[in-house]
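>>> Below are the sequence and a predicted model; questions follow.
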Amino acid sequence: MRKRTIASIAVTGLLLFPSNGLCQSLKSASVRASEEAVTAAHKMAEQVFADFKAGETEKIAKSLVAQLGHAWDAQTRIKNMNDFKAKLDMIELSPPAGSYGKLDGYDLLKESFLPGTNRYFRLTYITYHETSVLLWEFRYYVKPDGKPTLLFVSWSENNPFEFLTASEMLIDQWYAAPKF
């Protein structure tokens, strides 16, 4: 009986007084990349869309390889540049040859910040084409000099509502500080 009482008091104490881990998670939820880094990343993504609208798929492919492929050897760079260009060219094809067609516009859907760090974040966009939409995800790392560099890019034809409710897209909401 006495052990049960002590255990109950201990559990109650832990619930009433936040632990260091909880305090750390509340503090880390407010950490974000600098406004300058986020603005620069937006400009990078918007340049991709401006080039895409202008039909500059080779320019986009070169830019992506320059940012993503800093550790790739020459052969891998050439292969990946050709892959990016071919995929972007396929997106640009108008129906019936392609499923998307020319880019008509885009919107930012979400900025996500990895909880606890001000050095890694994601921008999620939707692009509108002749016949369908694509979702784009850009992940950035803020280098020690404060400038962002692209570490990952992808596009998806998934339903935007399903895509945005996937667990990884909601991670920043899980770590949001509770409202008291």
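The structure has been received and is ready for your questions. Bear in mind the structure is a predicted one, so any value in this text is a computation, not a measurement.

>>> A helix includes residue 109, no?
No. Applying DSSP: H, G, I helix; E, B strand; the rest coil, one finds residue 109 to be strand, outside a helix.

>>> from memory it sits against residue 124, does it?
Yes. If you go by C-beta atoms under 8 Å, residue 109 and residue 124 touch, sitting 4.7 Å apart. Placement of C-beta: from N, CA and C, glycine included.

>>> So between these two, which is more surrounded?
Set side by side, residue 109 and residue 124 show more neighbours around residue 124, with 21 against 17, by other C-beta atoms under 10 Å.

>>> give the contact list for that one.
With contact taken as C-beta atoms under 8 Å, 6 or more residues apart in numbering, residue 124 is in contact with 108, 109, 110, 111, 112, 135, 136, 137, 138, 164, 169.

>>> Need the max-distance pair from the residues you listed.
Across these, the longest distance by C-beta to C-beta is 15.3 Å; it joins 138 and 164.

>>> Compare neighbour counts for those two and give me the winner.
The residue with more neighbours, out of residue 138 and residue 164, is residue 138; 21 against 15, by other C-beta under 10 Å.

>>> Would you agree that one is in contact with residue 112?
No. The pair residue 138 / residue 112 is not scored as a contact, 10.6 Å apart, by C-beta under 8 Å.

>>> Name the residues contacting each of those two.
In contact with both residue 138 and residue 112: 122, 123, 124, using C-beta under 8 Å, 6+ apart.

>>> I'd like those laid out as JSON lines, including pLDDT and secondary structure.
Listed next are the shared contacts of residue 138 and residue 112 as JSON lines, based on pLDDT from 0 to 100; DSSP: H, G, I helix; E, B strand; the rest coil:
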{"residue": "122", "pLDDT": "92", "secondary structure": "strand"}
{"residue": "123", "pLDDT": "95", "secondary structure": "strand"}
{"residue": "124", "pLDDT": "93", "secondary structure": "strand"}
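
>>> ok, of these, which one's closest to residue 56?
residue 123 (20.2 Å).

>>> which residues does the closest residue to that closest one other than its chain neighbours form a beta bridge with?
Nearest residue to residue 123, sequence neighbours excluded (C-beta to C-beta, 6 or more residues apart in numbering): residue 138, at 4.7 Å. For residue 138, the beta-bridge partners under DSSP bridges are residue 123, residue 153.

>>> start at 4 instead
Noted, 4 is the first residue going forward, which turns the last one into residue 141.
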